[in-house]
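Asks: Next one to model:
(chains A and B)
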Amino acid sequence: DAGVIQSPRHEVTEMGQEVTLRCKPISGHDYLFWYRQTMMRGLELLIYFNNNVPIDDSGMPEDRFSAKMPNASFSTLKIQPSEPRDSAVYFCASRRGGRSNYGYTFGSGTRLTVV
Amino acid sequence: GDSVTQMEGPVTLSEEAFLTINCTYTATGYPSLFWYVQYPGEGLQLLLKATKADDKGSNKGFEATYRKETTSFHLEKGSVQVSDSAVYFCALRAGSGNTGKLIFGQGTTLQVKP
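Replies: Down below sits the predicted model:
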């Protein structure tokens, strides 16, 4: 298995532009999570899906952020319009459903810089 | 709400020294507990886990024991190597229901010097 695949690895964009981050979870994993990591705030859960349905989006910072999971093998996180304070590393993770002791598998992350 | 607290870093050790990174948690029910490791420029990797009281998780020389009486899950290694330099995250998942959500501590940076 190739693991959780995120693209792009790095993104530099200008303030006000739309940014789309992509994630392909591990096949057969029922849960997908989007996290944001910054030095100041550590790891923050933004949103997670179960069987393609958003379950908890309380971590999404504001309406500029949106996430979709149109099918079991693909998810996007979109920021429109982007702002410099959105600069961070964004991680996608997935895990199997069922037992609570299953660990997550993380992607390598997308490093977003908004200038 | 559920939370995880880790000792602040960075922790700086010489090679072959003994490592302890403290982790305590607050949770309702019986959470599963995890340690993740993040090497520079990479995503988080599961290091070890424990699912019930007195369970010991172990991997790559690292160990942690689930202590319900002290609500702790401290990470230990008897002899660290330079290659262990990374950020270590303690995390929990609530055991009541299958919410799917991992709650992470703030992370502890470990630096091992030769």
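Asks: and residue B:28, which of the three is it?
Replies: On the three-state scheme (DSSP: H, G, I helix; E, B strand; the rest coil), residue B:28 is labelled coil.
Asks: surely it meets residue B:3?
Replies: No - using C-beta atoms under 8 Å, residue B:28 makes no contact with residue B:3, being 11.2 Å away. C-betas here are computed from N, CA, C, even on glycine.
Asks: Which secondary structure elements does the helix or strand encompassing residue A:48 sit against?
Replies: For residue A:48, the enclosing helix or strand under DSSP states H and E is strand A:42-50. Applying 3 or more C-beta pairs under 8 Å, 6 or more residues apart in numbering or on different chains; DSSP states H and E, one finds that strand A:42-50 makes contact with strand A:31-38, strand A:53-56, strand A:65-71, strand A:74-79, strand B:102-104.
Asks: how about 10 Å then?
Replies: strand A:31-38, strand A:53-56, strand A:65-71, strand A:74-79, strand A:88-95, strand B:86-93, strand B:102-104 (3 or more C-beta pairs under 10 Å, 6 or more residues apart in numbering or on different chains; DSSP states H and E).
Asks: between those, which one is nearest to residue A:106?
Replies: strand A:88-95 (4.5 Å; C-beta to C-beta).
Asks: relative to strand A:74-79, how tilted is the closest one?
Replies: 150 degrees (axes from the mean of the first three to the mean of the last three C-alpha atoms, to 10 degrees).
Asks: Show me what strand A:88-95 pairs with in its sheet, parallel or antiparallel.
Replies: Applying DSSP bridges, strand A:88-95 is found paired with strand A:31-38 (antiparallel), strand A:105-106 (antiparallel), strand A:110-114 (antiparallel).
Asks: can you give me the angle the first one makes with strand B:86-93?
Replies: The one in question is strand A:31-38. Per the same axes, to 10 degrees, the angle that strand A:31-38 makes with strand B:86-93 is 140 degrees.
Asks: Relative to the whole chain's centre, how far out is the least confident helix or strand in chain B by mean pLDDT?
Replies: Using mean pLDDT, DSSP states H and E, the weakest-scoring helix or strand in chain B turns out to be strand B:102-104, at a mean of 88. Mean-position distance between strand B:102-104 and its chain equals 11 Å (C-alpha atoms, centre = their mean, to the nearest Å).
Asks: Now the one helix or strand residue A:11 maps to - C-alpha only, PDB.
Replies: Residue A:11 is located in strand A:10-13, with elements delineated by DSSP H and E. Output of strand A:10-13 as PDB, limited to C-alpha atoms (Å, rounded to 0.1, in the frame of the first residue of the first chain):
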ATOM      1  CA  HIS A  10       4.600  22.500  -1.100                       C
ATOM      2  CA  GLU A  11       2.400  25.300  -2.100                       C
ATOM      3  CA  VAL A  12       3.300  29.000  -2.300                       C
ATOM      4  CA  THR A  13       0.500  31.400  -3.100                       C
END
